[in-house]
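Engineer: This is the structure alone, sequence omitted:
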């Protein structure tokens with residue numbers, strides 16, 4: 001069951017704009033076609049779009065600013081449509097904040113698949129690095145730095161942060177703390193999917209149907225373009241039979257934690273959270289592929305372990321938000337924020353997962369993924385930690401970073417040797433998973 005969305009086509013070419021509008025209509029979505037972004041702005045509040053399908057020229061002529069301005073109101077998804085030259089600029093356009101680049105003329109199947117994938121994930125995040133900010137007439141870097149602090153002020157600030165972190169750790173141990181935007185149903189689902197015994201279809205359905213957001217995401221996944229031509233799936237049991245319990249559990253788990261990576265308050269944090277979400281999902285997908293290559297016991301739980309192994313970083317972000325700290329304007333953690341994320345996230349993440357009653361294996365991987373040699377050698381759990389730590393490092397090194405500098409996980413050569421795979425295996429699955437993220441996520 002697919003819900004229609006509102007897509008605005010922005011193209012200066014009349015014939016191309018009309019053809020794109022017809023393609024949107026054919027896949028069952030509402031369409032508004034305009035020649036410039038100025039026409040949208042003049043009618044702001046009445047159009048309420050979900051996704052923009054824009055030409056390369058329109059993207060550079062006001063669309064980027066519009067998408068950035070809309071981020072505080074829930075955000076938009078963005079696809080750029082162009083020619084072969086545009087396709088050659090794909091890395092640059094993605095860095096600017098677009099979420100996909102397609103070539104004209106556009107087939108209905110291709111657009112349908114791209115829209116389905118984008119609407120499941122987070123909205124676009126536009127960053128103007130080194131350009132003039134729309135908020136003030138000075139470079140972004142100058143705004144981000146803020147007033148210089150004395151050494152005494154820095155020490156006082158760090159002392160307050162350490163006090164907050166210690167308090168959070170105490171709350172986690174006593175079961176009083178929870179990660180923002182994750183429901184109790186979602187936590188129960190994670191424990192179910194990450195347990196040693198794979199859940200039955202009936203148990204999965206019983207849990208998923210308690211949360212409308214999880215149920216909607218599963219039904220969307222079972223009616224994507226990959227199943228075009230098959231009867232529409234309208235209930236969770238039928239969705240489970242089509243997807244299989246493993247894939248059904250993965251879709252529900254991904255939706256269950258997505259809320260933690262969405263900043264609904266303290267505007268500005270959405271940039272880094274979106275980067276963290278992208279890295280988290282890409283790493284989990286790559287880990288599943290890597291597990292299939294490595295083989296062995298417990299392959300079904302790799303996705304769950306990977307999805308949760310860095311959740312402690314969200315707790316650090318939450319602390320910074322609650323203390324009124326400014327978000328990094330470029331979406332990359334640096335300075336004290338990066339240091340606290342690096343130092344604290346493993347311990348805090350393990351405490352969080354234990355407080356949820358998650359299987360011991362999940363908390364153990366969260367604690368030791370940077371140095372899996374701390375775990376007993378030769379066990380399946382330790383191999384999982386080497387696999388997840390190495391895969392995450394490969395994804396970060398391949399370009400999906402959100403810290404400056406960003407060094408994560410064990411050395412790839414060491415992890416490959418422990419698992420008995422070729423040295424380039426981690427990089428291969430990282431690149432495949434990044435391509436999956438950028439071109440459809442089917």
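Structural biologist: Okay, I see it. What you see is a predicted model, and the numbers here were worked out from it, not measured in a lab.
Engineer: any idea of the pLDDT on the nearest residue to residue 406 once chain neighbours are set aside?
Structural biologist: Excluding the flanking residues, the one nearest residue 406 by Cβ to Cβ, 6 or more residues apart in numbering is residue 396, at 5.3 Å. (Each C-beta comes from the backbone N, C-alpha and C, glycine too.) We have a pLDDT of 93 for residue 396.
Engineer: Please identify the helix or strand for residue 396.
Structural biologist: Assigned by DSSP states H and E, residue 396 belongs to helix 380-397.
Engineer: Please compute how far that helix lies from its chain's middle.
Structural biologist: Centroid separation for helix 380-397 versus its chain: 18 Å, with Cα atoms, centre = their mean, to the nearest Å.
Engineer: Flag the helix or strand of the chain with the lowest per-element mean pLDDT.
Structural biologist: Sorting the helices and strands of the chain by mean pLDDT, DSSP states H and E puts helix 140-145 at the bottom, at a mean of 34.
Engineer: And for residue 327, the neighbour number?
Structural biologist: 21 (other Cβ atoms under 10 Å).
Engineer: That one is in contact with residue 275, isn't it?
Structural biologist: No: here residue 327 lies out of contact with residue 275, judged by Cβ atoms under 8 Å, at a distance of 11.8 Å.
Engineer: Find me the pLDDT at the most centrally placed residue in the chain, would you?
Structural biologist: A centroid search over the chain (Cα atoms, centre = their mean) returns residue 277, at 2.4 Å, as the residue closest to the centre. Looking at residue 277, its pLDDT stands at 87.
Engineer: Give me the nearest residue to it, chain neighbours excluded.
Structural biologist: residue 261 is the one closest to residue 277 (Cβ to Cβ, 6+ apart), at 3.7 Å.
Engineer: Distance-wise, check that neighbour relative to residue 385.
Structural biologist: 23 Å (Cβ to Cβ, to the nearest Å).
Engineer: Looking at those two, which is more packed in?
Structural biologist: Between residue 261 and residue 385, residue 385 has the larger neighbour count (other Cβ under 10 Å), namely 30 against 23.
Engineer: Model confidence for that one, exactly?
Structural biologist: pLDDT at residue 385 comes out at 92.
Engineer: any idea how far residue 201 is from it?
Structural biologist: Distance of residue 385 to residue 201, computed by Cβ to Cβ: 29 Å.
Engineer: buried residues in stretch 17-30?
Structural biologist: Within stretch 17-30, the residues that count as buried by 16 or more other Cβ atoms under 10 Å are 17, 19-21, 23-24, 27, 29.
Engineer: dump the residue contacts of the residue nearest to residue 406.
Structural biologist: 279, 406-409 (Cβ atoms under 8 Å, 6 or more residues apart in numbering).
Engineer: Now render those residues as CSV, adding neighbour count.
Structural biologist: Formatted as CSV, the contacts of residue 396 follow (neighbours: other Cβ atoms under 10 Å):
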residue, neighbour count
279, 24
406, 17
407, 11
408, 20
409, 26
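Engineer: Of the residues you listed, which pair is most distant in space?
Structural biologist: 279 and 407 (13.5 Å; Cβ to Cβ).
Engineer: between the buried residues of stretch 17-30, which is closest to residue 37?
Structural biologist: Distance to residue 37 across the buried residues of stretch 17-30 (Cβ to Cβ) is lowest for residue 17, with 13.0 Å.
Engineer: can you tell me how far that closest one sits from residue 33?
Structural biologist: Residue 17 is 5 Å from residue 33, by Cβ to Cβ.
Engineer: Where do the strands of the protein begin and end?
Structural biologist: Counting by DSSP state E, the chain has strands at residues 6-10, 30-34, 51-55, 77-82, 101-103.
Engineer: OK, contacts around the residue nearest to residue 277?
Structural biologist: Contact partners of residue 261, counting by Cβ under 8 Å, 6+ apart, are 122, 273-274, 276-277, 280, 314.
Engineer: Rebuild the contacts of residue 396 as TSV, extending it with distance to residue 64.
Structural biologist: Below are the contacts of residue 396 laid out as TSV (distance: Cβ to Cβ, whole Å):
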residue	distance to residue 64
279	23
406	25
407	31
408	30
409	33
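Engineer: with the residues you listed in mind, which one is nearest to residue 80?
Structural biologist: Among the contacts of residue 396, and counting by Cβ to Cβ, the member closest to residue 80 is residue 279, at 22.5 Å.
Engineer: and the closest one, how far is that from residue 426?
Structural biologist: Residue 279 is 14 Å from residue 426, by Cβ to Cβ.
Engineer: before we move on, what about residue 346?
Structural biologist: On the measure of Cβ to Cβ, residue 346 and residue 426 end up 20 Å apart.
Engineer: who's more crowded, the two?
Structural biologist: Neighbours around residue 346 and residue 426, counted as other Cβ under 10 Å, are more numerous at residue 426. The numbers are 28 against 20.
Engineer: Hmm, residue 413 and that one touching each other?
Structural biologist: No: in this structure residue 426 lies outside contact range of residue 413 using Cβ under 8 Å: 9.4 Å.
Engineer: what's the pLDDT at the closest residue in space to residue 422 that isn't next to it in sequence?
Structural biologist: Once flanking residues are discounted, residue 422 sits nearest to residue 416: 6.6 Å by Cβ to Cβ, 6+ apart. We have a pLDDT of 93 for residue 416.
Engineer: Quick check: residue 416 vs residue 35, distance?
Structural biologist: Residue 416 is 53 Å from residue 35, where distance means Cβ to Cβ.
Engineer: Show me which of the two is the more surrounded one.
Structural biologist: residue 416 (20 against 15).
Engineer: Spell out, range by range, the helices that occur in the stretch 151-300 of the chain.
Structural biologist: Per DSSP state H, counting those that start in this stretch, the stretch 151-300 of the chain carries helices over the ranges 151-174, 184-193, 201-208, 212-221, 236-243, 245-258, 270-294.
Engineer: buried ones in the fifth one?
Structural biologist: Applying a neighbour-count criterion of 16+ other Cβ under 10 Å, one finds 236, 239-240, 242-243 buried in helix 236-243.
Engineer: Likewise for the third one?
Structural biologist: In terms of neighbour count (16+ other Cβ under 10 Å), helix 201-208 has its buried residues at 201, 204-205, 207-208.
Engineer: got these as CSV, with pLDDT and distance to residue 377 columns?
Structural biologist: Formatted as CSV, the buried residues of helix 201-208 follow (pLDDT from 0 to 100; distance: Cβ to Cβ, whole Å):
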residue, pLDDT, distance to residue 377
201, 82, 36
204, 78, 34
205, 78, 39
207, 75, 35
208, 76, 37
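Engineer: Wait, residue 418 touches residue 386, no?
Structural biologist: Yes: checked against Cβ under 8 Å, the pair residue 418 and residue 386 is within contact range at 4.8 Å.
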